[in-house]
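J.: Okay, predicted coordinates and the sequence, questions at the end:
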Amino acid sequence: MSIGKIRTILYKTARILGDINAIKRGRVKERIHNRIIGKITGKLFK
């Protein structure tokens, strides 16, 4: 397994854990908002 594949798995796991944490804390709307803003910002800076 390459370093890139391990990195991808770790990032996906972190995203899932962040989603679970947001559900537990009742901050799903904020999480969705931040992810949308992050995706838009990422595309603008590419």
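T.: Great, that's in hand. Worth saying up front: this structure is predicted, and the values here are computed from it rather than measured.
J.: Let's check: the centremost residue of this protein is which one?
T.: Arg15 (3.8 Å; Cα atoms, centre = their mean).
J.: Quick one: mean pLDDT for the helix or strand hosting that residue?
T.: Secondary structure from DSSP states H and E places Arg15 in helix 3-25. Helix 3-25 carries an average pLDDT of 97.
J.: same deal with stretch 36-43?
T.: Average pLDDT, stretch 36-43: 95.
J.: Pull out the CA atoms of it and give them to me as CSV.
T.: The C-alpha trace of stretch 36-43 is given here as CSV (Å, rounded to 0.1, in the frame of the first residue of the first chain):
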residue,chain,number,x,y,z
ILE,A,36,-19.8,23.6,1.5
ILE,A,37,-17.8,26.8,2.1
GLY,A,38,-14.6,24.7,2.2
LYS,A,39,-15.3,23.0,-1.1
ILE,A,40,-16.1,26.4,-2.8
THR,A,41,-13.0,28.0,-1.4
GLY,A,42,-10.9,25.0,-2.4
LYS,A,43,-12.1,25.3,-6.0
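J.: in it, what's buried?
T.: Within stretch 36-43, no residue counts as buried by 16 or more other Cβ atoms under 10 Å. Quick note: C-beta positions are derived from backbone N, CA and C, even for glycine.
J.: With stretch 9-28 instead?
T.: Neighbour count says stretch 9-28 has Ala22 buried, by 16+ other Cβ under 10 Å.
J.: so what's Gly38 up against?
T.: Gly38 makes no contacts at all, as judged by Cβ atoms under 8 Å, 6 or more residues apart in numbering.
J.: Against Lys5, how distant is it?
T.: 23 Å (Cβ to Cβ, to the nearest Å).
J.: Same question for Arg27.
T.: From Arg27 to Lys5 the distance is 31 Å (Cβ to Cβ).
J.: now swap in Thr41 and tell me
T.: For Thr41 relative to Lys5 (Cβ to Cβ), the value is 26 Å.
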